[in-house]
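Enquirer: Here's a sequence, model it:
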Amino acid sequence: MKDDVIKLISKTLEIDPADLNDDTDLMQDLGVESIDLVDLVTAFEDKYHLEIPDNELKNLRTVGDIVKYAESHK
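Expert: All right, here's what the predicted structure looks like:
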C-alpha cells in the first residue's frame, strides 16, 4: 500500500518518489497548496473508491498519515 500511495503522490504532484517518506509533510516539506491538495484528494478518492470528508483533511499532513488512512479505509 505504501508504495502505491507514494507513486500516486509522486505522479499527482510531479515529485520524485525518492523525496517522499512517511515523515514528509505535504505542506511544509513539499509546499503543497490547497489546489494541489484538492487534486491529490481527488486522485486518492478515484483510485481507492472512497470519499475523504473535508473534516479529515486536516489529519492528512504527512505521507504516513495518508498511508494509514488508505489502509484503514480499504
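Enquirer: What residues sit buried inside the helix or strand of the chain with the lowest mean pLDDT?
Expert: Least confident helix or strand, the chain: helix 54-57 with a mean of 88, by mean pLDDT, DSSP states H and E. Within helix 54-57, not a single residue qualifies as buried, counting by 16 or more other C-beta atoms under 10 Å. For glycine as for every other residue, the C-beta is placed from the backbone atoms N, C-alpha and C.
Enquirer: Just to check, residue 57 is in contact with residue 40?
Expert: No - Residue 57 lies out of contact with residue 40 (C-beta atoms under 8 Å); the separation is 10.0 Å.
Enquirer: Show me what the helix or strand just after the least confident helix or strand of the chain is packed against.
Expert: Per DSSP states H and E, the first helix or strand lying C-terminal to helix 54-57 is helix 63-72. Packing contacts for helix 63-72, counted by 3 or more C-beta pairs under 8 Å, 6 or more residues apart in numbering; DSSP states H and E, involve helix 2-13, helix 34-48.
Enquirer: Let's see that with 6 Å instead.
Expert: helix 2-13 (3 or more C-beta pairs under 6 Å, 6 or more residues apart in numbering; DSSP states H and E).
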